[in-house]
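>>> With the sequence up front, the predicted model follows.
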Amino acid sequence: MRDPGSRNDVDTQHRFKPFVPEKTDMREWTVRAVLLGLIMTVILGAANAYLGLRAGMTIAATYPAAIIGMAVLRLFKGSILEENIARTIGSIGESIAAGAVFTLPAFYIAKCWPEFSGTMAWAKSSALMIVGGFLGIFFVTLLRRVMVEDKELPFPESTAASEIHKAGQKGLGAALDLVWAMFIGGFVYLAGTAKLFSVSQNLVVRVGELGASAIKLVSKKGTVVMPAGGIATFQAPDISPAFLGVGYIIGPELGAMNFAGGLLAWGLFVPLLVFLLGPQISAGVQANGQALDWADQAKAVWMNIVRPIAVGGMLVGAATTLYKMRKNLAMGLGRAVRDLRSSATASTATSRLDRDMNVRVVFGGLAVVFLLMIAIYFWFSGNVTAAIIAAIVMAITGFFFAAVSGNLVGMIGSSNNPISGLTLSTLIIAALLMVALGLKGEVGVVAVLGVAAIVCISSAVAGEMMQDLKVGHILGGTPARMQWGDILGIVIAGSVMFFPLVVLNQANLNMGGSGFGDKDLSAPQAGLMAHMAMGIVGGEMAWPLVVVGILMGICFVLLRVRSPMLVSVGMYLPLGTTFAIFVGGIIRWLSDKIAAQRKLNAAQRTRTDNAGVLVASGLIAGEALMGLVVAAYVFFAGATEFPGVKIGSAADWIAPFVLVALAAYMIVRPLQNAGAADEPPPPSAVM
């Protein structure tokens, strides 16, 4: 007969061993770690708000939060678990910012809020952010153990962040790399803002000859000749340290998929539609009695026809992700229910490594959040029935999309988490329900956008929290302390994140722009959500275009595209953005090829990869922070623009040299960190 204890011995031998053993007595939850985390969550959240409004995406704040926390706490001889707490709290502001910039400007764009300022707008915005954040934290707590212990989820960014913490135990060289990269990123951004070089370039593309080209439609009943032709645009990659850093982090494959969406939009759909509709566009699109130029006409085609197609693709992407996760979702719920019934709840787990917030607190918190959601939507819509329905929709979709978000973070990292696509899916469901309930006009639009906002923030928080919990799992942190820390971070970030948005919006208005939705403050997801909400509630939604996008998404699935969502997101981002991200991915590919040619060993490759991630993160953080500085200057100085140096056409030919210089830096600096072949390897994370 088999010895009952033998299985336990085997399990013990194969059990995951964190960097800090579970029996180690080490400082973790301290006042200095929490305060540092709260400061970082505000600063990094504000920086990501800027990046999200410009680029339509945010970048995980885990890396800069890890570096800053490591650098500061080492001055006070802090422990690695204190660094873990500071990073966890410090990075949650990014997810609040992501949810905020993807949804809150939609209220302004849809004219539901006449001004994006004032006490009432702050109160509504803060309520949405805090309640949505709590929803995400509670849902992730239910699913944590299932996902962080799933060996099929690589959690690439979590692994990289844990390596940063472990490397920091040996010195501050990594922190210096980050600081230098931040300086370079900020300097290049300021130089571009000052017009020392051209940040972007539009290329005019003739599609046929307007007035001369025609299409012949031949059928059995005769031939129809239809005039065609026009002019479209194609954009060169933006000279942006932040976008290049994004591409470097997500790599060439994902960067290529994102750029493929841009090529579908601007290389296929827009030129095709301009060719077919050119004569009608030229004659029919008027502004103040004057025809729009072709660049604006091409952009109008992209925004009003191509983007709804992309939405259909994102719906399919969300559905396929949920289907792939069905077993994990069932497992996570089942485990949570068993904990609720058991007298040995997660909070009294023997090992601190497996100790979550008490599951009774989690379910009680979910009940309170549900009541708060009803109250918020009654405040927004004035309709009790609609408020209850909205709360139910948010609870159900919020759970599933929090799970999807956590899964995607485990697969491709928080930097590439397509939160906006999940939110658009929620928006369509909520809008159809509100129409069925008879809500129309501004009240209906507000209710729909409110649902989308809470689910978006919940999904963003869930993804970021899952990423940080995996880092804690690798390092040996206590999950419950990280979860309570993020709750505190959500309250602070949710209360103050409204103000950076006000600064950015007002600065754009002072410079002669239109605020959110302007070309220099595009807020692409928020604009799309506003137009979709108004279209569905007002009965003007272009459903045939959404159906076309759904069929396109099904084609992606049949072709086994790794991330249909990512391709669809690329379709509605500006081409200069996706192109720059793709170039960043190519830079990563070149760096890897050079490392392979030099025959670096595993330890050298690890050091090179970690240094590359730090450099890319520094470039992102540097541009984002300087972007806030520029916006603050314009806002507080009452200026119409940032002071520029006009050097004429020279700005055009300087730009390529800036791009080459950035690429060289992103390749050379990481390779310089490879070290000697016989140097001991850095500690590696165990999955």
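Structure's in. What do you need?

>>> Going by C-alpha atoms from here, please, whenever you check contacts or count neighbours.
OK.

>>> Where do the strands of the protein begin and end?
Counting by DSSP state E, one finds strands in the chain at the ranges 202-207, 214-219, 222-227, 230-235, 286-287, 290-291.

>>> among those strands, which is nearest residue 662?
The closest of these to residue 662 is strand 230-235. By C-alpha to C-alpha, the value is 19.4 Å.

>>> Can you list the helices and strands that the closest one packs against?
For strand 230-235, the packing partners by 3 or more C-alpha pairs under 8 Å, 6 or more residues apart in numbering; DSSP states H and E come out as strand 202-207, helix 270-284, helix 294-301, helix 575-597.

>>> Could you export those as TSV, including distance to residue 563, mean pLDDT and mean neighbour count?
As requested, the helices and strands packed on strand 230-235 are exported to TSV (distance: least, C-alpha to C-alpha, whole Å; pLDDT from 0 to 100; neighbours: other C-alpha atoms under 10 Å):
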stretch	distance to residue 563	mean pLDDT	mean neighbour count
strand 202-207	28	84	14
helix 270-284	23	83	20
helix 294-301	25	81	18
helix 575-597	15	91	22
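
>>> got the end-to-end distance for stretch 72-79?
Using C-alpha to C-alpha, to the nearest Å, the span of stretch 72-79 from its first residue to its last is 11 Å.

>>> Give me the average confidence score over it.
In this model, stretch 72-79 carries a mean pLDDT of 85.

>>> contacting residues around residue 465?
Residue 465 makes contacts with 88, 92, 137, 140, 486, as judged by C-alpha atoms under 8 Å, 6 or more residues apart in numbering.

>>> okay, the last one: pLDDT?
Residue 486 is assigned 91 on the pLDDT scale.

>>> Go ahead and confirm it touches residue 86.
No: Residue 486 lies out of contact with residue 86 (C-alpha atoms under 8 Å); the separation is 9.9 Å.

>>> These two: which is more packed in?
More neighbours surround residue 86 than the other of residue 486 and residue 86, with 33 against 30 (other C-alpha atoms under 10 Å).

>>> what's the closest non-adjacent residue to that one?
In space, and not counting its chain neighbours, residue 86 is closest to residue 37: 4.2 Å by C-alpha to C-alpha, 6 or more residues apart in numbering.

>>> Distance check, that neighbour against residue 141.
For residue 37, the distance to residue 141 - C-alpha to C-alpha - is 20 Å.

>>> Residue 119: how many residues sit nearby?
The number of residues near residue 119, taken as other C-alpha under 10 Å, comes to 9.

>>> With residue 520 instead?
Residue 520 has 14 neighbours, counted by other C-alpha under 10 Å.

>>> Then residue 27?
Using other C-alpha under 10 Å: residue 27 sits among 12 other residues.

>>> which residues touch it?
78-79, 81-82.

>>> If we use 7 Å, what do you get?
If a contact means C-alpha atoms under 7 Å, 6 or more residues apart in numbering, then residue 27 has 79, 81-82 as its contacts.

>>> The residues you listed in helices, which ones?
Using DSSP state H, the subset of the contacts of residue 27 located in helices is 81-82.

>>> which regions of the stretch 551-687 of the chain lie under the pLDDT threshold?
Residues of the stretch 551-687 of the chain that meet the criterion pLDDT under 70 lie in 628, 631-632, 634-641, 646-650, 676-687.

>>> Can you tell me which of the contacts of residue 465 is closest to residue 531?
Out of those, the member with the shortest distance to residue 531 (by C-alpha to C-alpha) is residue 92, at 28.7 Å.

>>> my guess is that closest one meets residue 40, correct?
No: proximity of residue 92 to residue 40 does not meet the contact threshold set by C-alpha atoms under 7 Å, at 9.2 Å.

>>> So which of those two has more stuff around it?
Taking other C-alpha under 10 Å, residue 92 and residue 40 do not tie; residue 92 has more neighbours (36 against 28).

>>> could you measure that one against residue 488, distance?
Counting by C-alpha to C-alpha, the gap from residue 92 to residue 488 is 10 Å.

>>> ditto for residue 143
Remark: distance between residue 143 and residue 488 (C-alpha to C-alpha) = 20 Å.

>>> More neighbours: which of those two?
Each of residue 143 and residue 488 has its neighbours counted (other C-alpha under 10 Å); residue 143 has more, 25 against 18.

>>> In contact with residue 34, which residues?
Applying C-alpha under 7 Å, 6+ apart, we find residue 34 in contact with 85-86.

>>> for residue 645, same thing?
Going by C-alpha under 7 Å, 6+ apart, residue 645 touches 194-196.

>>> Same check on residue 132?
The neighbours of residue 132, taking C-alpha under 7 Å, 6+ apart as the test, are 454-455, 457-458.

>>> Tell me the one among those nearest to residue 236.
Among those, and counting by C-alpha to C-alpha, the member closest to residue 236 is residue 457, at 32.4 Å.

>>> can you count the residues close to that closest one?
Neighbour count of residue 457, defined by other C-alpha under 10 Å: 33.

>>> Could you check how far it is from residue 155?
Residue 457 is 21 Å from residue 155, by C-alpha to C-alpha.

>>> do the same with residue 566
Distance of residue 566 to residue 155, given as C-alpha to C-alpha: 18 Å.

>>> And residue 240, by the same measure?
Distance, residue 240 to residue 155, by C-alpha to C-alpha: 27 Å.

>>> Over to residue 492?
Using C-alpha to C-alpha, residue 492 is found at 27 Å from residue 155.

>>> low-scoring stretches of the stretch 51-200 of the chain, by residue?
For the stretch 51-200 of the chain, applying pLDDT under 70 flags the ranges 51, 54-60, 152, 156, 160, 167-175.

>>> Pick the one among the contacts of residue 645 closest to residue 296.
Residue 296 lies nearest to residue 195 out of those, by C-alpha to C-alpha, at 22.5 Å.

>>> ok, how many other residues are close to that closest one?
Residue 195 has 19 neighbours, counted by other C-alpha under 10 Å.

>>> Go ahead and confirm it touches residue 642.
No: the criterion here is C-alpha under 7 Å, and residue 195 misses it with residue 642 at 9.6 Å.
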